[in-house]
Every structure is written in C-alpha cells, then in structure tokens.
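Engineer: Would you be able to build a 3D model of this:
(one chain, ligands or ions: 2)
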Amino acid sequence: MPPGPVRRPLAEAPFRPAVMFCLKCLRTSVKNYVAGSGVQFEPNCCFDAVSSVKCRQCAARKSNCIPTATGMLGNASDLAEILRWAAYFWDTEQEGIWDPAFRVPVGNFTAALAAKFADAEKAHRVEHHVSAATKKAMVKHAAAYRGFVVERRTLAARTNEDFEYLRLLPGDAGYLLWQLAISTFLDDIIQEVTRLYADGQGNEERFVQELRDSFPVAVVRGL
Ligand SMILES: [Zn+2]
Ligand SMILES: [Zn+2]
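Structural biologist: Ligands and ions are numbered 1, 2, ... in the order given. This is a model prediction of the structure:
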C-alpha cells in the first residue's frame, strides 16, 4: 500500500500568535491582502498541531518556520500592538465613533506596515547573517548573533527597558525603515480622518487627538 499523507494530530485549541508569528505567514498575508477590500489585516499564523514546532502553513509546505529574529521581537510586539489598535476600526461597537468607511484605507495601511516590518526584519537578518547559506556559516554566525543578543539584553536591562523583547536601535539595519513605516502609518490614518471628518470648524481635531493619544507605540520624529 502506498504511504498516505502524514497526519498531524491537531490541538483542541489552535494557537494564533500575536507576537510570535512566523514571517512566512506574515508575508503570505501581505501578498494575499486585497487592497481596497476593507478586510482587517492579520498575520494569519496558526499553530494547530498537538506537538509540532511548525505552524500550519509551514507544515503544509514542508518548510521550516521563520520566527522574528530575537533582536527584533520588541518590534514584532510593537507591530502586534498596532494591529490591536487598528482593530478598533473593525469593532462594531465603535461604529458610532469611527466610520466603517475607514476600514478600506486602514486595511491597506496595515498590510503595508506589515510588509515593512518583514522588510526591516530581513535587513536585520542580513546584517547579522542570521539566515546564512550553508550550515557551517549558520553555526558560525549563530554564535555571534547570540553574543549580540546577550549584549543588547544587558544594555536594555541597564536602561530599564524590556530586555526580553529587544528592539532595533538607531544605526541598525532596518531601524530607519521601520520607524518611518510607523510614522507614515499614523500620518496616513490621520490624513484620512482629517479628510473624512473635516467640517470647516476644526472638529476633526478631536478625532486626530484621540488617535495620537491612543496610539500604542512611540513615534520617532526628526530622523
Ligand atoms: Zn505561520
Ligand atoms: Zn511557519
């Protein structure tokens, strides 16, 4: 009898990571996002097996997951926070405040932000040779990268920052790209809100202020 497909015993409650998503799924979600659809963007990564380190998509493709490099987990956490923040626009209870018409531009902006995150992560990966071509090179660079992570954690702990979830610093590959992606994302949404709510009396300012006040991630200006 020919061997059948390998069955993965499935977990009762699949885990959908908000921060620890697989980069391959994030890129697939960006690629499949239909611009103008108004659909809420999500990484769509799902760990559904009882015992497997691979997510559903990677298991189906017989490939390995690419989790966010350790040195950028804080940036992944920031992306997750921003996605949670953007989810307000899809919350039916918020429809009295935020016009559902915002879902189209915000959906587009969020997918674009996720794409920039993946690009910044790739830049970081290249800078540190995290995905080297050969196994020997990978082993060599992995040790150096671990050293880098330890140094960063020490630095973060000393400056009272979150040392578990590291973030890019000025000068790191991908830093500028990611910071600009965040500020552009917020500016684009503010522009849409201003356009849609402008009433000639400046009342839209209240909405803009609420967006600025509630935005969960520090926006770096003047870079
Ligand atoms: Zn995945
Ligand atoms: Zn995966």
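Engineer: near ligand 1 at all, the biggest strand by length in the chain?
Structural biologist: The strand that spans the most residues within the chain, counting by DSSP state E, is strand 10-15. No: Strand 10-15 is not in contact with ligand 1 by CB under 5 Å from the ion; minimum separation 10.4 Å. For every residue, glycine as well, the C-beta is placed using N, CA and C.
Engineer: any idea of the mean pLDDT in that strand?
Structural biologist: Regarding strand 10-15, the rounded mean pLDDT is 85.
Engineer: Just the buried positions in it, please.
Structural biologist: Across strand 10-15, burial judged by 16 or more other CB atoms under 10 Å covers no residue at all.
Engineer: Following the chain past it, name the next helix or strand.
Structural biologist: Note on strand 10-15: by DSSP states H and E, the next helix or strand toward the C-terminus is helix 23-32.
Engineer: so how far is the longest strand of the chain off the chain centroid?
Structural biologist: Distance of strand 10-15 from the chain centroid (CA atoms, centre = their mean, to the nearest Å) equals 23 Å.
Engineer: Then stretch 46-64?
Structural biologist: On the basis of CA atoms, centre = their mean, stretch 46-64 is displaced by 19 Å from the centre of the chain it belongs to.
Engineer: Repeat that for stretch 148-157.
Structural biologist: Put simply, stretch 148-157 sits 22 Å off its chain's centre (CA atoms, centre = their mean).
Engineer: which residues touch that stretch?
Structural biologist: The contact list for stretch 148-157, computed with CB atoms under 8 Å, 6 or more residues apart in numbering, reads 70, 71, 128, 162, 163, 164, 166.
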